[in-house]
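Q: any chance you can model this:
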Amino acid sequence: MARESIKEMKSWKIIYKEWVPEQQPLRETLLALGNGYLVTRGAVEEARAGGVHYPGTYLACGYNRLKSKVFGRIIENEDLVNWPNWLYLTFRIEDSDWFDLNHVDIQSYHHELDMQKGVLSRQIQFQNKNGHITVLKSRRFVHMGQKNMAALEWEIRPENWSGTVYVRCGLDGSVVNSGVERYRPLNGKHLEILETGRAGEDGIYLHVQTNQSHIRMAQAERVQVFKNNVLLPVSRNMISEDGLVMQELVVTCDKKEAIRIEKIVSIHTSQDHAITEELSRARTMIRRAGQFDELRVQHEKAWERLWHRCNIELSKARKESQPILRLHIFHLLQTASFNSIDMDIGIPSRGWHGEAYRGHIFWDELFVFPFLNLRIPELTRELLLYRYRRLGEARSAASKSGYRGAMYPWQSGSDGREESQEIHLNPKSGKWEPDNTHLQRHVNAAIAYNICQYFESTLDIEFMSYYGVEMLLNIAQFLASLTDFNPSRERFEIHHIVGPDEFHTAYPDSDEPGLNNNAYTNIMTAFVLKNVLEKLRVLAQDRQAELMDMLDVREEDLSRWEHISKKMYVPFHDEGIISQFEGYEQLEELDWNDYRKKYGNIERLDRILRAEGDSPNRYKAGKQADVLMLFYLFSAEELKGILEQLEYDFDPQVMIPRNIHYYVKRSSFGSSLSRLVYSWVLARLDREASWKYFLEALDVDFHDIQGGTTEEGIHLGAMAGTVDMVQRCYTGIEIRDHILWINPALPEELNRIQMRIRYRGHWIRMRFDSDILCVEFEKGYSPEVKIGFREDIYVMSQGDKKVFKL
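A: Got it, this is the predicted structure:
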């Protein structure tokens with residue numbers, strides 16, 4: 001995004017002061033509004049899909065599966081569905097064209113997202129071809145307190161004219177999935193119209209259904225016109241054409257006197273709880289709904305409650321840092337909030353903000369859950385249940401592949417089967433290529449890690465007893481069965497997998513996909529097996545026995561897991577460099593300067609190389625952190641303990657800097673997560689470099705530094721990770737051995753952080769200054785907990801306060 005188009009940023013607001021059509025796709029993503037139930041992109045209300053406009057609305061986990069023919073092959077994909085556009089609202093003055101920003105003279109423009117209130121507003125003064133000057137003001141929100149409600153308001157003020165205005169407001173069911181250019185050759189028509197009609201005297205409704213998953217959605221709108229807060233009687237006519245159902249209203253306008261149009265929308269689906277039928281519910285709720293301002297006040301109070309839990313205040317940071325950090329929290333909470341509880345949803349890598357990656361769930365919860373664990377742990381629990389409910393499918397997948405336990409997919413959707421594509425379009429070459437990224441078995445270790453981290457934050461023993469340990473045992477069974485013992489090394493190994501760095505999916509010139517002994521996967525396997533044994537012992541003995549009997553886990557299995565946790569093979573080369581995978585050191589070095597000179601942006605180096613007829617498998621070149629993910633997930637003390645248990649010498653002070661330097665200079669930064677992870681691992685070694693990467697990570701979506709990817713959806717893992725960078729990394733917050741350790745290391749550019757966190761039932765206020773740390777427990781009734789600062793441990797509880805000198 002061109003930075004000069006942003007004329008003003010405030011700590012709670014993102015403001016655009018000019019209309020720039022080519023930037024609209026990006027703005028639609030950044031200005032999206034949602035509530036954890038659905039998200040609607042920040043499109044202008046008067047535009048239907050086409051050109052720079054794409055008014056998508058997405059239901060959390062609202063998927064549909066379709067088949068497409070590619071190269072003579074039938075392939076099947078499950079997509080996040082683009083549901084009917086509820087925004088549509090436009091007008092024209094008599095004898096003039098329908099309003100279009102691209103066909104009027106814009107005299108002033110102000111587009112504002114108020115993140116504190118969750119309201120998107122716009123004010124435009126323009127002159128049309130006939131010389132009519134008009135001021136248009138709009139406001140809209142997706143209700144955070146009532147998840148099925150949304151509302152928008154227009155105010156039209158004639159400046160130099162009086163006359164008749166025609167207003168069209170509707171629900172557009174003609175939409176298709178076409179938000180990602182490379183997917184457009186595939187089948188994108190997911191909806192079929194079931195019914196349209198009137199909803200009372202001032203409303204209409206639209207009822208649709210997906211054509212495979214048979215999810216039904218009903219939308220009902222109520223439209224009223226006011227002048228001086230008095231409801232006007234207007235003539236209206238219902239129009240239905242090609243899936244778009246509209247009301248056309250005729251209103252008389254007087255010079256300098258504004259009319260106000262309220263559009264209240266109720267959205268219900270067949271997946272909603274406690275309703276008998278979605279269409280009757282939508283029509284009923286639209287009749288019961290209050291006026292725009294009444295709903296807005298309730299909505300803003302819901303956001304006030306969320307921000308009380310989730311806000312982070314920065315001081316002395318770069319001017320943009322505070323609002324961008326809040327924008328990241330804002331979009332995280334729009335993707336998953338209290339409204340998501342009991343919805344059976346996961347964490348999509350691109351939010352519910354667009355169609356990239358088809359709305360699938362990968363491993364991004366690894367970056368999202370740490371924030372939620374310390375703010376809304378109830379939500380983490382619910383999101384973990386998404387994985388539990390798909391345990392049966394994961395067990396079936398493992399069995400079909402010849403393994404025990406549960407093998408979770410790299411890409412997950414509605415039912416938990418593997419949703420990774422068989423082929424993938426390379427936009428550089430225009431060719432469809434095989435996709436072997438489904439071999440990323442490390443997603444299973446990520447799920448296990450998330451369960452353990454949730455328990456450490458909450459001590460939720462009921463969750464562990466009923467759900468958590470059962471998942472852990474299944475994952476342990478799978479990871480253990482993935483290993484083979486190499487007698488020549490006297491070590492366990494894992495073959496034919498892919499690590500987090502997706503540039504490498506096979507050995508050079510090999511027809512067989514997969515790599516051997518990816519260090520990240522092997523070390524995570526050792527960590528998981530050790531922790532599963534510990535978490536099993538937390539349960540009552542009879543529950544332990546029940547789970548072991550139910551899952552056919554025997555004592556010899558536990559012994560083997562312990563053996564693997566001490567004897568996993570980890571490849572090294574060049575005096576302490578952890579090899580990304582076995583044989584990595586034999587790959588060729590890439591001439592980075594030559595490729596940067598030739599192509600400029602080489603973040604997607606894999607596509608560039610394949611378009612040249614080459615392969616990234618040949619080079620020591622990474623898309624994103626792989627080995628360095630170990631330093632992201634584990635403190636130096638934790639990683640040292642894991643490697644020492646594996647009987648490897650590991651001096652963190654020497655080997656961590658050496659590994660970071662080695663891999664950072666071999667990265668193309670092809671993933672939105674790259675700069676985040678590099679910032680994290682450098683925080684204790686090079687604060688200046690860490691802050692530089694942190695600022696770049698903040699810019700990934702806001703300035704779309706990957707060149708057009710953000711318009712397809714946010715990068716939720718990167719957004720959440722930057723928030724957690726402030727929450728845990730710079731503050732040094734770490735839970736270890738049932739102690740909440742705090743060891744701040746603020747960059748010079750950041751002299752204060754203020755926030756509240758929730759730890760084991762306590763709300764704790766924290767203020768980090770350049771020379772002082774203040775920790776204050778709010779009133780409550782939770783048991784005492786231990787707080788660690790440097791070498792000392794303190795027992796604290798409700799009402800306690802301590803101030804430490806830094």
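Q: next up, identify which helix or strand V251 is on.
A: strand 244-253 (DSSP states H and E).
Q: listing partners with orientation, what would you give for that strand?
A: strand 163-172 (antiparallel), strand 235-241 (antiparallel) (DSSP bridges).
Q: tell me where this structure is predicted with low confidence.
A: 1-8, 425, 427-429 (pLDDT under 70).
Q: tell me, what residue is most central in it?
A: Central residue of the chain (Cα atoms, centre = their mean): L716, 2.7 Å from the mean position.
Q: and the residue nearest to that one when sequence neighbours are not counted, how many neighbours does it have?
A: Leaving out its chain neighbours, the residue that sits closest to L716 by Cβ to Cβ, 6 or more residues apart in numbering is G351, at 4.7 Å. (Glycine included, C-beta is placed from N, CA and C.) When neighbours are counted by other Cβ atoms under 10 Å, G351 registers 28.
Q: can you give me the strands for the stretch 101-250 of the chain?
A: 105-114, 119-127, 133-142, 149-158, 163-172, 191-198, 203-210, 216-227, 230-231, 235-241, 244-253 (DSSP state E, counting those that start in this stretch).
Q: quick check: the gap between I156 and A720.
A: 40 Å (Cβ to Cβ, to the nearest Å).
Q: again with Y109
A: Taking Cβ to Cβ, one finds Y109 at 32 Å from A720.
Q: likewise G145?
A: 23 Å.
Q: which of those two has more neighbours?
A: Just comparing G145 and A720: by other Cβ under 10 Å the higher neighbour count belongs to A720, 28 against 18.
Q: check the secondary structure at the more buried one for me.
A: helix (DSSP: H, G, I helix; E, B strand; the rest coil).
Q: in TSV: the strands paired with strand 244-253, plus mean neighbour count.
A: Rendered in TSV, the data for the strands paired with strand 244-253 read as follows (neighbours: other Cβ atoms under 10 Å):
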stretch	mean neighbour count
strand 163-172	21
strand 235-241	13
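Q: for R305, find the nearest of those.
A: Closest of these to R305 is strand 163-172, at 30.3 Å (criterion: Cβ to Cβ).
Q: sorry, back to before: ok, which of the strands paired with strand 244-253 comes nearest G51?
A: Nearest to G51 among the strands paired with strand 244-253 is strand 163-172; the distance by Cβ to Cβ comes to 15.5 Å.
Q: which other residues reach the closest one?
A: Residues outside strand 163-172 that contact it (Cβ atoms under 8 Å, 6 or more residues apart in numbering) are 48, 55, 84-86, 88-94, 98, 156, 204-206, 219, 221, 223, 225, 239, 243-253, 259, 261, 263, 265.
Q: rewinding a little: with distance to K566 as extra columns, can I get the strands of the stretch 101-250 of the chain in a markdown table?
A: Shown next, in a markdown table, are the strands of the stretch 101-250 of the chain (distance: least, Cβ to Cβ, whole Å):
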| stretch | distance to K566 |
| --- | --- |
| strand 105-114 | 52 |
| strand 119-127 | 55 |
| strand 133-142 | 51 |
| strand 149-158 | 55 |
| strand 163-172 | 60 |
| strand 191-198 | 55 |
| strand 203-210 | 50 |
| strand 216-227 | 53 |
| strand 230-231 | 75 |
| strand 235-241 | 69 |
| strand 244-253 | 64 |
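Q: next, the contact list for F527, please.
A: F527 touches A445, Y449, S565, F634, I642, counting by Cβ under 8 Å, 6+ apart.
Q: among those, which one is most surrounded by other residues?
A: Most surrounded of the contacts of F527: other Cβ under 10 Å gives A445, at 26 neighbours.
Q: and it, its phi and psi?
A: When quoted as degrees, to the nearest 10, the phi and psi of A445 stand at phi -70, psi -30.
Q: might one say that it is in contact with I523?
A: No. Here A445 does not reach I523: they are 9.1 Å apart, not a contact under Cβ atoms under 8 Å.
Q: hmm, back to that, what's the closest of the strands paired with strand 244-253 to K802?
A: strand 163-172 (56.3 Å).
Q: using PDB, write out every CA atom in that closest one.
A: What follows is strand 163-172, C-alpha atoms only, in PDB (Å, rounded to 0.1, in the frame of the first residue of the first chain):
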ATOM      1  CA  GLY A 163     -35.600  16.800  -6.100                       C
ATOM      2  CA  THR A 164     -36.500  13.100  -6.200                       C
ATOM      3  CA  VAL A 165     -34.000  10.500  -5.100                       C
ATOM      4  CA  TYR A 166     -34.300   6.800  -5.900                       C
ATOM      5  CA  VAL A 167     -32.800   4.400  -3.400                       C
ATOM      6  CA  ARG A 168     -32.100   0.800  -3.900                       C
ATOM      7  CA  CYS A 169     -31.200  -1.500  -1.000                       C
ATOM      8  CA  GLY A 170     -30.900  -5.200  -1.300                       C
ATOM      9  CA  LEU A 171     -29.500  -8.600  -0.500                       C
ATOM     10  CA  ASP A 172     -27.300 -10.000  -3.300                       C
END
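Q: that strand to strand 216-227, inter-axis angle?
A: On the basis of axes from the mean of the first three to the mean of the last three Cα atoms, to 10 degrees, strand 163-172 is oriented at 160 degrees to strand 216-227.
Q: where exactly do the strands run in the stretch 701-806 of the chain?
A: Counting by DSSP E, counting those that start in this stretch, the strands of the stretch 701-806 of the chain are 734-736, 739-742, 752-759, 762-769, 772-777, 785-789, 792-796, 801-805.
Q: any idea how far the residue nearest to Q706 when sequence neighbours are not counted lies from S770?
A: Closest residue to Q706 apart from its sequence neighbours, by Cβ to Cβ, 6+ apart: E603 at 6.1 Å. In this view, E603 and S770 are 35 Å apart by Cβ to Cβ.
Q: these two: who's more crowded?
A: Shown here are E603 and S770; by other Cβ under 10 Å, E603 has more neighbours (21 against 13).
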